[in-house]
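>>> Requesting a structural model of the entry that follows:
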Amino acid sequence: MKRLASRRQFLLAAGGAAAGLGLASVLQVKPARATPAAMQEAIRKVVGPARVDTGKVKLELPPLVENGNVVPLAVSVESPMTEADHVRAIHVFTEKNPLPDVVSCRLGPRAGRAGVATRIRLTDTQTVVAICELSDGSFWSGSADVVVTLAACLEDG
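Sure, this is the predicted structure:
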């Protein structure tokens, strides 16, 4: 019986140590809050040196949300979705979430319509930006401001 108890103690201690090391490494890798500059850098990684024009992208978010854990988001783009003229990708960025690049969706002419809908988490009141890439290589954007009364994505530090 004594050997079984010491084996259990060893496994509990090893598991606790591994979990503690894993949690510590995760907390060290990601900042607790991003900045508008981090969002701009994430956008530059997607678009490169290309110019991003305003228009064609409709971003739908409620202007005021009670709970930042479940925020409905819909993005649609004016496009005929033909082989010659279609949306290649839709990207969504936030300026204050720990990870500013929230979602990227690849589309093609067979998608039928250029739009996506999902739910996202928002850490605070902020601006959300959607950027689409068209088949001609151009980039278009739309943005929306959201007031969050109960934040999500919080890390204690």
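>>> Please make it C-alpha for all contacts and neighbour counts, starting now.
Fine.
>>> how about low-confidence regions in this protein?
Counting by pLDDT under 70, the chain has low-confidence residues at 1-6, 15-33, 153-157.
>>> switch to 80 and redo it
1-34, 151-157 (pLDDT under 80).
>>> partner residues bridging residue 67?
Residues in a beta bridge with residue 67, per DSSP bridges, are residue 150.
>>> Can you tell me how far the closest residue to residue 111 other than its chain neighbours is from residue 123?
In space, and not counting its chain neighbours, residue 111 is closest to residue 81: 7.5 Å by Cα to Cα, 6 or more residues apart in numbering. Distance from residue 81 to residue 123, counting by Cα to Cα, to the nearest Å: 34 Å.
>>> Please say which of the two ends up with more neighbours.
residue 123 (24 against 21; other Cα atoms under 10 Å).
>>> wait, what's in contact with the residue most central in space within the chain?
In the chain, the centroid-proximal residue (Cα atoms, centre = their mean) is residue 102; its distance is 0.9 Å. By Cα atoms under 8 Å, 6 or more residues apart in numbering, the residues touching residue 102 are 91, 92, 93, 94, 120.
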